[in-house]
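[1] Here you go, sequence then predicted model.
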Amino acid sequence: MSMLARLTNTFTTLFPLWVVVAGALSFFYPFLFTWFTGLWITWGLGIIMLGMGLTLTLDDFKRVSKMPGAVFLGIVLQYTVMPFAGWFSARIFNLPDPLAVGLILVACCPGGTASNVISYLARADVPLSVTMTAISTILAVVLTPFLTDQLAGSRMEVDAVGLFLSTVQVVLIPVALGVLIQRYFKGFTSAILPFAPPVAVLTIVLIVASILGANRQLIESSGLILLGAVFTLHALGFLVGYVLSRFLVTETAARTISIEVGMQNSGLGVVLARANFTNPLVAVPSAISSLFHSVIGSALAAVWSRFAPAEEDGKKS
């Protein structure tokens, strides 16, 4: 492995640390990050989705045929456990309507690319994680607007059509473009693909820190209630995702599904909130979401990395 490859790999695997550090800095020195706003966020997320498209090949779809049960289970849990957990958390913490809608919105988003990094650190099934992230992202074009409208429409007017069009623009089009580039320009793809993960990490960090810095006073006024609601959302996602899947799939697959369900595409949540809601508070839960799922996912990865899955132990004996 070259020096450049080692550096990019190290930078990517330290993703949770960068999110926490940038998030903390944004509270004390918001000017460092608040410049990254507006079209910067939209284009940034589009670049992340383009990078995901560059990684998709026919082999990904072949993997689905080899593990249809685990993939199907993970996708079902992604779009049932998390939306319900978002609605439940907003209700029990009695969040104000803008924050409640923002929490439900991010809960209805697909799995994030950061889950692939955490799966690697946790000794889970990285190809399964990538496959579930890709499929849940494609399904998000329809399911994220629909579920958000169904669960949050009573609190605030939700423009389901607007959410759908925004999701098409920042998810479907960039992913499809990435797939086409990978298919027809393999040399170009090979040259830029190693830089896709660190660029994704850097962009997510900038998005999160920008939103936190710009809404510092609003976050402080919301206090522990908002933090408790976001923590509960992700804790339920990781826990329920693992417990339900462990009865049906291997330990490795259960770890992967837990991570995939518990970690959302918070960047997408930010973009959709800013594009479709006038109240700036709607975007705040998505930014905090990135902090919490990174911290919880990293903690789980630290524990699971020390213990080989049961099926690996069996192979060694």
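    Alright, I've got the coordinates.
[2] low-confidence ranges in the stretch 101-250 of the chain?
    Residue ranges of the stretch 101-250 of the chain with pLDDT under 70: 156, 222.
[3] how about the helices of it, start to end?
    114-121, 126-152, 160-167, 173-184, 186-192, 196-214, 216-246 (DSSP state H, counting those that start in this stretch).
[4] Now distance to K66 and mean neighbour count too, for those, in TSV please.
    All C-beta atoms are positioned from the backbone trio N, CA, C, and that covers glycine. Output for the helices of the stretch 101-250 of the chain, formatted as TSV (distance: least, Cβ to Cβ, whole Å; neighbours: other Cβ atoms under 10 Å):
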stretch	distance to K66	mean neighbour count
helix 114-121	17	26
helix 126-152	10	22
helix 160-167	29	18
helix 173-184	20	17
helix 186-192	24	12
helix 196-214	24	24
helix 216-246	17	18
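[5] Looking at these, spot the one closest to G44.
    G44 lies closest to helix 196-214 among these, at 4.2 Å (Cβ to Cβ).
[6] sorry, back to before: with respect to L103, which of the helices of the stretch 101-250 of the chain lies nearest?
    Nearest of the helices of the stretch 101-250 of the chain (Cβ to Cβ): helix 216-246, 5.8 Å.
[7] Tell me which other helices or strands the closest one touches.
    helix 68-78, helix 81-92, helix 97-107, helix 251-262, helix 284-304 (3 or more Cβ pairs under 8 Å, 6 or more residues apart in numbering; DSSP states H and E).
[8] name the helices or strands packed onto the longest one?
    Secondary structure elements in contact with helix 284-304, counted by 3+ Cβ pairs under 8 Å, 6+ apart, are helix 15-28, helix 97-107, helix 114-121, helix 196-214, helix 216-246, helix 251-262, helix 266-276.
[9] How about the third one?
    In terms of contacts (3+ Cβ pairs under 8 Å, 6+ apart), helix 97-107 is packed against helix 81-92, helix 126-152, helix 216-246, helix 266-276, helix 284-304.
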